[in-house]
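K.L.:
what's the 3D shape of this:
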Amino acid sequence: MYAYIRGTLEEVREDYIVVENNGIGYQISVPMRILEELPERGAEVKIYTYLYVREDIFSLFGFSTQDELAMFRLLLNVSGIGPKGALGILSALSVNDIRFAVVSEDIKTITKAPGIGKKGAQRLIIELKDKISLEDAYESALEDGLQEVPETMQIVKKEAMEALVALGYSSADAARALSGIEISDDSDVETVLRMALRSMALL
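P.N.:
This is a model prediction of the structure:
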């Protein structure tokens, strides 16, 4: 019903915000991660929304990107996960953390989310694995920093990620470490891998 709401940020609470549009204040439940990205009160914001309707419950859930909204929708399709549970997962993990955890069957990463135990993580992996491809996960994890980077540099970073996974690191941790590394034309896999290992040692 609502694709997004653009308006003035009026309130910021622990688990929701209020956005005013044309004299109407919309209370929108949001993942905690989004709170760190919000501008000051009074600024204009654009929030992608999902309207949850069940019996007499009407709740708006909001996200800063369409990618987060899409993942929220996927999580709602997992048995035993409702909107609050899906929001909790997106509060604890980024979209790419979830993608890589699913494709690599990384139960440990998923159980970092509140209320998700080992069995719940296994169920989430089973039900989402066919909906998330490793290729899409790699592409999404790297696209922000590599949108205008030559293909050869993208290959270097992907090979470094594969090397980290082969060394025993989770795909989610590897993606997180590599996302903060800048590469240049003369960077090779060994150099990028060394930088990533140094970064992970500081986490």
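
K.L.:
residue 112 contacts residue 93, doesn't it?
P.N.:
Yes: with contact defined as Cβ atoms under 8 Å, residue 112 counts as touching residue 93 (6.6 Å). Using the backbone N, CA and C atoms, a C-beta is placed for each residue, glycine as well.

K.L.:
now do the helices in this protein.
P.N.:
With DSSP state H as the criterion, the chain has helices at 32-35, 66-76, 83-92, 95-103, 107-110, 118-128, 134-146, 151-166, 171-179, 189-201.

K.L.:
which one of those helices is the most hemmed in?
P.N.:
Compared across the helices of the chain, helix 95-103 shows the largest average neighbour count, a mean of 25 (mean count of other Cβ atoms under 10 Å).

K.L.:
between that one and helix 171-179, how big is the angle?
P.N.:
140 degrees (axes from the mean of the first three to the mean of the last three Cα atoms, to 10 degrees).

K.L.:
okay, which residue is most central for the protein?
P.N.:
Nearest to the geometric centre of the chain sits residue 95, at 1.9 Å (Cα atoms, centre = their mean).

K.L.:
for the closest residue to that residue other than its chain neighbours, give its distance to residue 168.
P.N.:
Leaving aside its sequence neighbours, residue 95 sits nearest to residue 71 (Cβ to Cβ, 6 or more residues apart in numbering; 4.7 Å). Residue 71 is 26 Å from residue 168, where distance means Cβ to Cβ, to the nearest Å.

K.L.:
quick one on the thing from earlier: surely the residue nearest to the centre of the chain and residue 73 touch.
P.N.:
No: between residue 95 and residue 73 there is no contact under Cβ under 8 Å: 11.7 Å.

K.L.:
so where's the chain uncertain?
P.N.:
1, 134-154, 171-172, 202-203 (pLDDT under 70).

K.L.:
which ones are touching the residue nearest to residue 95?
P.N.:
90, 95, 98-99 (Cβ atoms under 8 Å, 6 or more residues apart in numbering).

K.L.:
neighbour count: residue 112 and residue 93, which is higher?
P.N.:
More neighbours surround residue 93 than the other of residue 112 and residue 93, with 22 against 14 (other Cβ atoms under 10 Å).
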